[in-house]
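In: no letters, just coordinates:
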């Protein structure tokens, strides 16, 4: 296998660190940044409150898990108070039914302030328990309402990245490219992109990881209604210059992407992250056209279902510029 060529980092393209450090893990092909934007690093030794971080977990978990957890908590809450009412004796609640079933449904009516009038607390102990339950239920409903509202209004960018990046003929050289599109109906404005090449260098017997920011043909778009093909021309000043596919694989290259823009609906900044490993880059091809032919009087449109489609291109130069 050919030795790794030295990187010719320009002042604008070189970056000593992105927050990952220069230490190299033993595993080959491991990512620093997952395709879904999550980081692969792990932080140990955190205090228990930071590890649990209940509010953060409830805000970030998926809707099915969140709703399932809320439903389970609701059943446990009413079940716990049903046991309290049972412990107060059969005379604590007056009404039809008996046992745990009657106590459970009385708890549900108390917590939700339904009060059908058929089940009523009789003893002082039952009234005290019902008062405490009503107070705790009021707080719990307020917390769940706040969490649901925060989840609905949390600014998020649902930007999809093409499955593969490509190195394709570009003018009289080549370029590294990937394609993105907005999956939501909201509008993102002032969308900006920053791309970094992470690679393993062997200098003087020492193995370190280096980071290099890639200069883009266009690093931002004012409006993002359709799709954007982000292009890094591979000129003589590019960290890709002179590299072949095998050399990118050998140096454990990873291209990390950071997007930021403004959600026009909420007027808040949103972010999206992803990365491509060297084996996720397709050489000597180009992205297929996803613009749909517009009939007279109809608006311009794209088919996001074909965002990943590639088509063959005449074989040209590779990464040698």
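Out: Received it, and whenever you're ready, just let me know what you need. Because the structure is a prediction, the values reported are computed rather than measured.
In: residue 257: how many residues sit nearby?
Out: Residues near residue 257, counting by other Cβ atoms under 10 Å, number 22. Backbone N, C-alpha and C define where each C-beta goes, glycine included.
In: cool, residue 125 as well?
Out: Residues lying near residue 125 (other Cβ under 10 Å) number 15.
In: begin at 42 from here
Out: In the new numbering, first residue 42, that becomes residue 166.
In: quick one: it and residue 140, what's the gap?
Out: Residue 166 is 18 Å from residue 140, where distance means Cβ to Cβ, to the nearest Å.
In: which other helices and strands contact the top strand by length along the chain?
Out: In the chain, assigned by DSSP state E, the strand with the most residues is strand 229-244. Counting contacts by 3 or more Cβ pairs under 8 Å, 6 or more residues apart in numbering; DSSP states H and E, strand 229-244 packs against strand 247-255, strand 261-264, strand 268-274, strand 295-304.
In: the first one: which residues count as buried?
Out: Read that as strand 247-255. Residues of strand 247-255 classed as buried under the neighbour-count rule (16 or more other Cβ atoms under 10 Å) are 250-255.
In: name the strands paired with that strand and say parallel or antiparallel.
Out: The strands that strand 247-255 pairs with in its sheet are strand 55-56 (antiparallel), strand 229-244 (antiparallel) (by DSSP bridges).
In: dump the helices and strands packed on strand 229-244 into JSON lines; add distance to residue 329 and mean pLDDT as well.
Out: As requested, these are exported to JSON lines (distance: least, Cβ to Cβ, whole Å; pLDDT from 0 to 100):
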{"stretch": "strand 247-255", "distance to residue 329": "24", "mean pLDDT": "88"}
{"stretch": "strand 261-264", "distance to residue 329": "21", "mean pLDDT": "95"}
{"stretch": "strand 268-274", "distance to residue 329": "11", "mean pLDDT": "96"}
{"stretch": "strand 295-304", "distance to residue 329": "21", "mean pLDDT": "95"}
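In: quick one: those strands as JSON lines, columns for distance to residue 190 too.
Out: What follows is the helices and strands packed on strand 229-244, written out as JSON lines (distance: least, Cβ to Cβ, whole Å):
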{"stretch": "strand 247-255", "distance to residue 190": "38"}
{"stretch": "strand 261-264", "distance to residue 190": "29"}
{"stretch": "strand 268-274", "distance to residue 190": "32"}
{"stretch": "strand 295-304", "distance to residue 190": "17"}
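In: so for residue 118, which of these sits nearest?
Out: strand 295-304 (35.6 Å; Cβ to Cβ).
In: name the nearest of the buried residues of strand 247-255 relative to residue 350.
Out: Nearest to residue 350 among the buried residues of strand 247-255: residue 255, at 24.1 Å, using Cβ to Cβ.
In: for the residue sitting furthest away from the middle of the chain, give its distance to residue 181.
Out: The C-alpha centroid of the chain is most remote from residue 132, which lies 54.0 Å away (Cα atoms, centre = their mean). Noted for residue 132: a distance of 28 Å to residue 181, by Cβ to Cβ.
In: with residue 146 instead?
Out: Distance of residue 146 to residue 181, computed by Cβ to Cβ: 18 Å.
In: settle it for me: which of the two has more neighbours?
Out: residue 146 (20 against 15).
In: now do the same contact list for the more buried one.
Out: For residue 146, the contact set (Cβ atoms under 8 Å, 6 or more residues apart in numbering) comprises 138, 160.
In: likewise residue 345?
Out: By Cβ under 8 Å, 6+ apart, the contact set of residue 345 is 201, 222, 224, 268, 331.
In: OK, contacts around the second one?
Out: With contacts defined as Cβ under 8 Å, 6+ apart, residue 222 is in contact with 200-201, 267-269, 343, 345, 348.
In: need phi/psi at residue 103.
Out: Backbone torsions of residue 103, given as degrees, to the nearest 10, read phi -70, psi 160.
In: what about it, distance to residue 110?
Out: Distance, residue 103 to residue 110, using Cβ to Cβ: 11 Å.
In: higher neighbour count, those two?
Out: Shown here are residue 103 and residue 110; by other Cβ under 10 Å, residue 110 has more neighbours (13 against 8).
In: picking that back up, need the contacts of residue 222 in a markdown table with distance to residue 214, can you?
Out: Output for these, formatted as a markdown table (distance: Cβ to Cβ, whole Å):
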| residue | distance to residue 214 |
| --- | --- |
| 200 | 28 |
| 201 | 28 |
| 267 | 26 |
| 268 | 23 |
| 269 | 21 |
| 343 | 27 |
| 345 | 29 |
| 348 | 25 |
